[in-house]
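Student: Mind looking at a prediction? Sequence and model below.
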Amino acid sequence: MDKKNDEHKRMTTREDEAELEEKEKVNGDEVREQVPPDQPPSGEIKEDAEREEDVQEQKSEKRERHI
């Protein structure tokens, strides 16, 4: 493939790619830190655990009444 056609098919120029690669090298760690964690806040975890305990207690009480 000749060089002229290659340049028309590219989404970015070679200069843009070189610039992006340089930014990734310099700011690689900073980008990772900006991503929020996939974990819910600890308050939500506690509430979920309490709800689960309540549900289990209600199930146990229902079974005892049924017997």
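Tutor: Ah, there it is.

Student: Strands of the protein, residue ranges please.
Tutor: For the chain, no strands turn up when DSSP state E is the criterion.

Student: quick one: low-confidence parts of it?
Tutor: Within the chain, the ranges that satisfy pLDDT under 70 run 1-10, 26-37, 39-41, 67.

Student: what do you get if the cut-off is 50, keeping everything else the same?
Tutor: Within the chain, the stretches with pLDDT under 50 are 1.

Student: Show me how it divides into domains.
Tutor: Annotated domains of the chain cover 1-35, 41-67 [automatic domain parsing].

Student: Lys25: how many residues sit nearby?
Tutor: As a burial measure, Lys25 scores 8 neighbours (other C-beta atoms under 10 Å). For every residue, glycine as well, the C-beta is placed using N, CA and C.

Student: With Glu57 as the reference, measure out to it.
Tutor: Distance of Lys25 to Glu57, given as C-beta to C-beta, to the nearest Å: 56 Å.

Student: do the same with Arg14
Tutor: Applying C-beta to C-beta, the value for Arg14 to Glu57 is 66 Å.

Student: Could you pick out the longest helix of this structure?
Tutor: Counting residues, the longest helix found in the chain (DSSP state H) is helix 42-66.

Student: Report the buried residues of that helix.
Tutor: For helix 42-66, a neighbour-count test (16 or more other C-beta atoms under 10 Å) marks nothing as buried.

Student: what do you get for stretch 14-29?
Tutor: For stretch 14-29, the neighbour count (16+ other C-beta under 10 Å) marks no residue as buried.

Student: where does Leu20 sit relative to Val55, distance-wise?
Tutor: According to C-beta to C-beta, Leu20 and Val55 sit 50 Å apart.

Student: er, Met11 actually
Tutor: 52 Å.

Student: again with Glu44
Tutor: Relative to Val55, Glu44 is positioned 16 Å away (C-beta to C-beta).

Student: ok, now Ser42?
Tutor: Going from Ser42 to Val55 by C-beta to C-beta gives 21 Å.

Student: ditto for Glu64
Tutor: Distance, Glu64 to Val55, using C-beta to C-beta: 15 Å.
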